[in-house]
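Participant: fold the following for me, if possible:
(one chain, ligands or ions: 1)
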Amino acid sequence: MPPCTLQQVWPAPLDVSPEQMALAALRHEIDVLDDQLLALFERRLAIAARVGKAKDAPSGPHLKLRPDREQSVLDRVVAQAAPDNREAVESLWRQIVGWGLARQGRVQVRVWSPVEPTRAFDGARLRFGDAADMKVARDPQAALAWAAEGHGVAVLAINAGDPWWIGLRREWGSLCVFDGFGGETPTALAVGRIDPAALPGGRRVLITAGGDAGDGSGLRRCGLDTHHGWSLSLTDAPVSLGGDEGCVGAIG
Ligand SMILES: O=C(O)C(=O)C[C@]1(C(=O)O)C=C[C@@H](O)C=C1
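Facilitator: You can find the predicted model right below:
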């Protein structure tokens, strides 16, 4: 076979059609934008690393993750995006913020969901982004103990045969719920050593004695699970964490 020459592979400039030239120009525009995006992304990562150091002083027992701040970053950019782009913008910014957080230490996530493992795993991946180190947890109690030691976040299914959530009121006072996955009525909750001041605005998570009948507190509640007279529910009422109402966190 004769050797392949450049002439044979690339058309001579005069052979380039207007369509090919238009395509090349558009691709050049994309290259220019990519250069700008890359420079901005790298600047943002560097600033996120500095924010992490600023949060070290004073150093506390909490994870670096700040759900309230993430919520306001996302809400702000999604609100500015064109309606058709909102889904893409939200998923991209989850990744951006996830990598920002990873500059402060990679987030460890343990997912326990015996009934629908892929659903909970996918929800957690969407929430924490590719930067998170996610693994399956075999036992919710072990995952809670691990999270209480400050190693990372546990994503635990509800209505899955283990009322692990009762422990949030009784044993795991250092942990709080800060997100839910699975839609309007969550099927899994994210739990970690989150600074209570950094909980997202939104529905509060309650654990109360009294089952479906209510405990007389008068709060309007949406039930998620019950077990032996305990109930796990959500409320729109602005109750504070750890109060008499049994508030153990909030989901945005
Ligand atoms: O604002 C912070 O506290 C940050 O660490 C920055 C940042 C971000 O990248 O925007 C990253 C992680 C936090 O969970 C919230 C926001």
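Participant: ok, which stretches of this protein are strands?
Facilitator: Taking DSSP state E as the test, the strands found in the chain are 108-112, 133-136, 153-157, 176-181, 188-192, 203-209, 221-227, 230-235, 247-251.
Participant: what helices and strands are in contact with the fifth one?
Facilitator: Right, strand 188-192. Judged by 3 or more Cβ pairs under 8 Å, 6 or more residues apart in numbering; DSSP states H and E, strand 188-192 is in contact with helix 117-128, helix 140-148, strand 153-157, strand 176-181, strand 247-251. C-betas here are computed from N, CA, C, even on glycine.
Participant: returning to that earlier point: for the strands of the chain, which one sits closest to the ligand?
Facilitator: Smallest distance to the ligand across these (Cβ to the nearest ligand atom): 10.2 Å, for strand 176-181.
Participant: just the angle between the closest one and strand 247-251, please?
Facilitator: Here strand 176-181 runs at 40 degrees with respect to strand 247-251, directions being taken by axes from the mean of the first three to the mean of the last three Cα atoms, to 10 degrees.
Participant: identify each buried residue in strand 176-181, please.
Facilitator: For strand 176-181, the neighbour count (16 or more other Cβ atoms under 10 Å) marks 176-181 as buried.
Participant: rewinding a little: by mean pLDDT, show me the worst of the helices and strands packed on strand 188-192.
Facilitator: Comparing mean pLDDT across the helices and strands packed on strand 188-192, the weakest is helix 117-128, with a mean of 92.
Participant: mind checking how far that helix is from the chain centre?
Facilitator: Centroid separation between helix 117-128 and its chain, computed with Cα atoms, centre = their mean, to the nearest Å, is 9 Å.
Participant: buried residues in it?
Facilitator: 120-121, 123-125, 127-128.
Participant: which ones are touching the residue lying closest to Pro200 once chain neighbours are set aside?
Facilitator: Excluding the flanking residues, the one nearest Pro200 by Cβ to Cβ, 6 or more residues apart in numbering is Gly252, at 3.5 Å. In this structure, Gly252 makes contact with 67, 71, 179, 200-202, judged by Cβ atoms under 8 Å, 6 or more residues apart in numbering.
Participant: please repeat the previous calculation with a cut-off of 10 Å.
Facilitator: 67-68, 70-72, 74-75, 178-180, 199-203 (Cβ atoms under 10 Å, 6 or more residues apart in numbering).
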